[in-house]
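S.K.: task: produce atomic coordinates for the following.
(one chain, ligands or ions: 2)
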Amino acid sequence: MTIDSPHSINTPSEQLLDTITQGLHDKGYVVIETFLPAPMVEALYLEAKTLSPVAFNAAGVGRNAGAQLNNTIRSDRTLWLSEASDTQKQYLSYMEALRLAINRQLFLGLFDFESHYSHYRKGDFYQKHLDAFKGGSNRILSSVLYLNPEWQESDGGHLALYQDSSDTHPQLIAPVCNRCVIFLSDTFPHEVRVSQADRYSIAGWFRVSR
Ligand code: OGA
Ligand code: MN
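M.R.: Ligands and ions are numbered 1, 2, ... in the order given. Have a look, this model is predicted:
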């Protein structure tokens, strides 16, 4: 007889964890093509599409209390994830397993993970920025998971990832479903190119406590 638990608990595979920690160790960033089990990413996409019109707000620029609305820098709309929804809870627990694995392998002392859904409508963008300034933020690692099942090259909305501030040939990463990009928050300038279609993602940050 086999005993099935009523709720299957999704955790990242050992192979996925190795790919991520290896990439971060060697290059400071990593692009993963199949990040979540398909049902999880489908549920997140449905939830983002459903909640966006009723619960997403204009995104802030700057940290916490210093956050300001400035739609010349970014024009997406966001919703912070919480434990209130099972779908979000599953994602947060998946990222928690990733946080612990990264700490075991890379000794980054990551303390927690915060994340929000983003919705870029047609015409939306996020200008070139760093997620953290050296020494000035508790954000250590950034992650972006894309949720868009039918993304076309002509829909634009690429993440442009620069190696440093003098790089003029950024890597262009299309926001296709279940692709995830993880990078050092204070090292890689990046931007979201103008999107020509509805673009859904989850941006997140592993932080230290300070
Ligand atoms: C961010 C960000 C990138 C993306 O939210 O800080 O840079 O591809 N997002 O959505
Ligand atoms: Mn960013």
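
S.K.: bridging residues for the spatially closest residue to Tyr29 that is not a sequence neighbour?
M.R.: Among residues not flanking Tyr29 along the chain, Phe183 sits closest, at 3.6 Å (Cβ to Cβ, 6 or more residues apart in numbering). From N, CA and C alone the C-beta is placed, and that goes for glycine too. Following DSSP bridges, Phe183 is listed with bridge partners Tyr29, Ser142.

S.K.: get me the contact residues on the protein for ligand 1.
M.R.: 118, 126, 131, 144, 159, 190, 192, 201, 203 (Cβ under 6 Å from any ligand atom).

S.K.: tell me the one of those residues nearest Glu14?
M.R.: Checking these against Glu14 by Cβ to Cβ gives Val144 as the nearest, at 23.0 Å.

S.K.: what's the helix or strand for the closest one?
M.R.: Element membership of Val144 [criterion: DSSP states H and E] is strand 139-146.

S.K.: for the helix or strand following that strand, which helices and strands make contact with it?
M.R.: Sequence order places strand 159-161 as the next helix or strand after strand 139-146, per DSSP H and E. With contacts taken as 3 or more Cβ pairs under 8 Å, 6 or more residues apart in numbering; DSSP states H and E, strand 159-161 sits against strand 171-173, strand 180-184, strand 190-192.

S.K.: what is the distance between strand 159-161 and the centre of its chain?
M.R.: Relative to the chain's own centre, strand 159-161 is displaced by 13 Å; criterion: Cα atoms, centre = their mean, to the nearest Å.

S.K.: which residues touch it?
M.R.: Residues outside strand 159-161 that contact it (Cβ atoms under 8 Å, 6 or more residues apart in numbering) are 29, 128, 144, 170-173, 175, 181, 183, 188, 190-193.

S.K.: that one pairs with which strands?
M.R.: Partner strands and pairing direction for strand 159-161 (DSSP bridges) are strand 171-173 (antiparallel), strand 190-192 (antiparallel).

S.K.: any chance of a markdown table for those strands, columns mean pLDDT and distance to Glu42?
M.R.: Output for the strands paired with strand 159-161, formatted as a markdown table (pLDDT from 0 to 100; distance: least, Cβ to Cβ, whole Å):
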| stretch | mean pLDDT | distance to Glu42 |
| --- | --- | --- |
| strand 171-173 | 98 | 21 |
| strand 190-192 | 98 | 23 |
